[in-house]
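Colleague: Just a sequence and a predicted model for now, questions to come.
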Amino acid sequence: MTTTAELQRRTLRVLVVAQVLSGAGLAAGITVGALLAQDMLGSTGLAGLPSALFTAGSALAAVGVGRISQTRGRRPGLAAGYAVGAAGSAGVVVAAVLDSPVLLFLALFVYGAGSATNLQARYAGADLADRSHRARAVSTVLVATTLGGVLGPLLAAPTGDLAHTVGIPHLAGPFVLAGAAYLAAAAFLAIRLRPDPLLHAREVAATEAAATAAMPGPVPPATPAEVGHGVAVGTTVMVLTQVVMVAIMTMTPVHMHDHGHGTGASGAVIAVHVAAMYLPSPLTGRLVDRVGRTWMAAASGLTLLLAGLVAASAPDDSVVLLALALALLGLGWNFGLVSGTAIITDAVPLETRARTQGLVDVSIAIAGAGGGLASGIVVDVASYSALSFAGGLLALAIVPAIVASARSRTPATA
């Protein structure tokens, strides 16, 4: 008979392959989405709109994926999300060929489903994990995104050239890659993610609950107040890290383009950024499990502050310093996402876990949409440096939020 530990290892292997594929799809919109809108609209002020749209689309998708996962399991939820993302990618390509901004914006909204699903997959990695290893399980799923996420931006120029040879605009090339990658991830999960980790976790929990009920002195479940507190803290951490990361990341390729850097240079910087978002995940997971959730959440705020300061002070012609700033930006986001995910997964019972996680990711997506939309406006009326500095200061708010949360719990636990 297959043990839960063996099923967990199998689940992680399947999720790793799917994340490698979906990472390439995720990177397309990051790398050229803003440039495509700027090219079609001729305005920097609206260059942040694509990021806002596909993150807004990811908010709606997070609800859908969460609800499907809650009722039918992770496998159909994740597969459906990636399939919708593939459809959105195809829509972006058609919009570019037709030179239709309206269709572009609608397609980018649908494309956001892939981003939401890529993030939701991390929860599937934790469904069967022991509490003391949950952050490491989450980090294993996240780090798998690195390969596709780094290759995607590096392939921006080659896929653009290939697309141009068949009559597709150069900037739409990465979305052809995104569509194929998302579709492959959807098919792989639909076939291979069996047994479903969430459904199996519920079966195990029900068996354990029945055994515990027959024993004296069972451990009382978490109260609604404790659950709500954990969800609030985890959501705050991830929302702040998301809005800062998306805002600065979105406008970096535009900032570089406006100062004479080509698609290859901006693609390399974004590749460094995506690598920093996911590659440190195994170490981050171990730190979150050993050092603590709140300490690593505070570290995310400090790291994002440093990222904003480096980006704000980097000379316009310095690709190296911009790459360093984006690396720190990705690392701070990684700290916040892994610690915040662990906080929420610890707090929410299995009966409502998928639905709650989906709603939390809605908040994250809305925050990202706001950050992406505001980023173009701030750069248009002020500067990229002003945006980066303001983002760093906003991220620092994580630290007092964590401190206040710890103090609010002290009387209750005394």
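Modeller: The structure has been received and is ready for your questions.
Colleague: Sort out which residues of stretch 197-206 are buried, please.
Modeller: Neighbour-count burial for stretch 197-206, counted by 16 or more other C-beta atoms under 10 Å, picks out 197-198, 200-202. Every residue, glycine included, has its C-beta placed from N, CA and C.
Colleague: Next: stretch 321-329.
Modeller: Of the residues in stretch 321-329, those buried (16+ other C-beta under 10 Å) are 322-329.
Colleague: Inside strands: which ones of these?
Modeller: With strands identified by DSSP state E, none of the entries of the buried residues of stretch 321-329 belong to them.
Colleague: Restricted to helices, list these.
Modeller: The helices, defined by DSSP state H, take in 322-329 from the buried residues of stretch 321-329.
Colleague: any weak-confidence spans in the protein?
Modeller: Of all residues in the chain, those with pLDDT under 70 make up the ranges 1, 28-31, 43-48, 51, 150, 153, 212-227, 405-414.
Colleague: So which residue is dead centre in it?
Modeller: The geometric centre of the chain, computed from its C-alpha atoms, lies nearest to Leu119 (C-alpha atoms, centre = their mean), at 4.6 Å.
Colleague: Distance check, that residue against Leu393.
Modeller: Separation of Leu119 from Leu393 (C-beta to C-beta, to the nearest Å) stands at 25 Å.
Colleague: can you check Gly368 too?
Modeller: Distance check for Gly368 against Leu393: by C-beta to C-beta, it reads 18 Å.
Colleague: Looking at these two, which one has more neighbours?
Modeller: When neighbours are counted by other C-beta atoms under 10 Å, Gly368 and Leu393 differ, and Gly368 comes out ahead with 29 against 14.
Colleague: Confirm for me that the more buried one is in contact with Thr55.
Modeller: Yes. Counting by C-beta atoms under 8 Å, a contact exists between Gly368 and Thr55, whose distance comes to 3.7 Å.
Colleague: Find residues that contact each of those two.
Modeller: Taking C-beta atoms under 8 Å, 6 or more residues apart in numbering as the contact criterion, the residues that touch both Gly368 and Thr55 are Val246.
Colleague: Can you tell me the element His261 falls in?
Modeller: Taking DSSP states H and E as the definition, one finds His261 inside no helix or strand.
Colleague: Spit out the contact partners of it.
Modeller: Val319.
Colleague: What residues of the helix ranked longest in the chain count as buried?
Modeller: The longest helix of the chain (DSSP H) is helix 4-41. When burial is assessed from 16+ other C-beta under 10 Å, helix 4-41 yields the following buried residues: 7-8, 10-12, 14-16, 18-40.
Colleague: Next: stretch 285-302.
Modeller: Using 16+ other C-beta under 10 Å as the test for burial, stretch 285-302 gives 285, 287-289, 293-294, 296-302.
Colleague: Mind checking which of the residues you listed are in helices?
Modeller: Residues of the buried residues of stretch 285-302 located in helices (DSSP H): 285, 287-289, 293-294, 296-302.
Colleague: where exactly do the strands run in the protein?
Modeller: Taking DSSP E as the test, none of the chain falls into strands.
Colleague: And the residue lying closest to the residue nearest to the centre of the chain once chain neighbours are set aside, how close does it get to Val231?
Modeller: Taking C-beta to C-beta, 6 or more residues apart in numbering, and ignoring the residues beside it in sequence, Leu119 has Asp361 as its nearest neighbour in space, at 5.9 Å. The spacing between Asp361 and Val231, counted by C-beta to C-beta, is 12 Å.
Colleague: again with Gly73
Modeller: With C-beta to C-beta as the criterion, Gly73 and Val231 are 22 Å apart.
Colleague: between these two, who's got more neighbours?
Modeller: Applying other C-beta under 10 Å to Gly73 and Val231 shows that Gly73 carries more neighbours, namely 22 against 19.
Colleague: give me every residue that touches the closest residue to the more buried one other than its chain neighbours.
Modeller: Counting by C-beta to C-beta, 6+ apart, Asp196 is the residue found nearest to Gly73 once chain neighbours are left out, at 3.6 Å. Under the criterion of C-beta under 8 Å, 6+ apart, the contact list for Asp196 reads 73-75.
Colleague: Columns distance to Gly308 on top of these, output as TSV?
Modeller: Below are the contacts of Asp196 laid out as TSV (distance: C-beta to C-beta, whole Å):
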residue	distance to Gly308
Gly73	40
Arg74	35
Arg75	39
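Colleague: Next step: the residues you listed restricted to helices.
Modeller: Filtering the contacts of Asp196 for helices - DSSP H - leaves 74-75.
Colleague: closest to Met256 among the contacts of Asp196?
Modeller: Arg74 (38.0 Å; C-beta to C-beta).
Colleague: separation between the closest residue in space to the closest one that isn't next to it in sequence and Leu189?
Modeller: The spatially closest residue to Arg74, leaving aside those adjacent along the chain, is Ala124, at 4.3 Å (C-beta to C-beta, 6+ apart). For Ala124, the distance to Leu189 under the criterion C-beta to C-beta works out to 9 Å.
Colleague: tell me, what's touching these two both at once?
Modeller: Taking C-beta under 8 Å, 6+ apart as the contact criterion, the common neighbours of Ala124 and Leu189 are Leu78.
Colleague: before we move on, back to that, out of the buried residues of stretch 197-206, which are inside helices?
Modeller: Judged by DSSP H, the subset of the buried residues of stretch 197-206 located in helices is 197-198, 200-202.
Colleague: rewinding a little: please produce a markdown table containing the ones in helices among the buried residues of stretch 285-302, extended by distance to His164.
Modeller: Conversion of these to a markdown table gives the following (distance: C-beta to C-beta, whole Å):
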| residue | distance to His164 |
| --- | --- |
| Gly285 | 41 |
| Leu287 | 45 |
| Val288 | 44 |
| Asp289 | 47 |
| Arg293 | 47 |
| Thr294 | 50 |
| Met296 | 44 |
| Ala297 | 44 |
| Ala298 | 47 |
| Ala299 | 44 |
| Ser300 | 40 |
| Gly301 | 43 |
| Leu302 | 43 |
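Colleague: Relative to Val272, which of those residues is nearest.
Modeller: Nearest to Val272 out of these is Ser300 (C-beta to C-beta; 18.3 Å).
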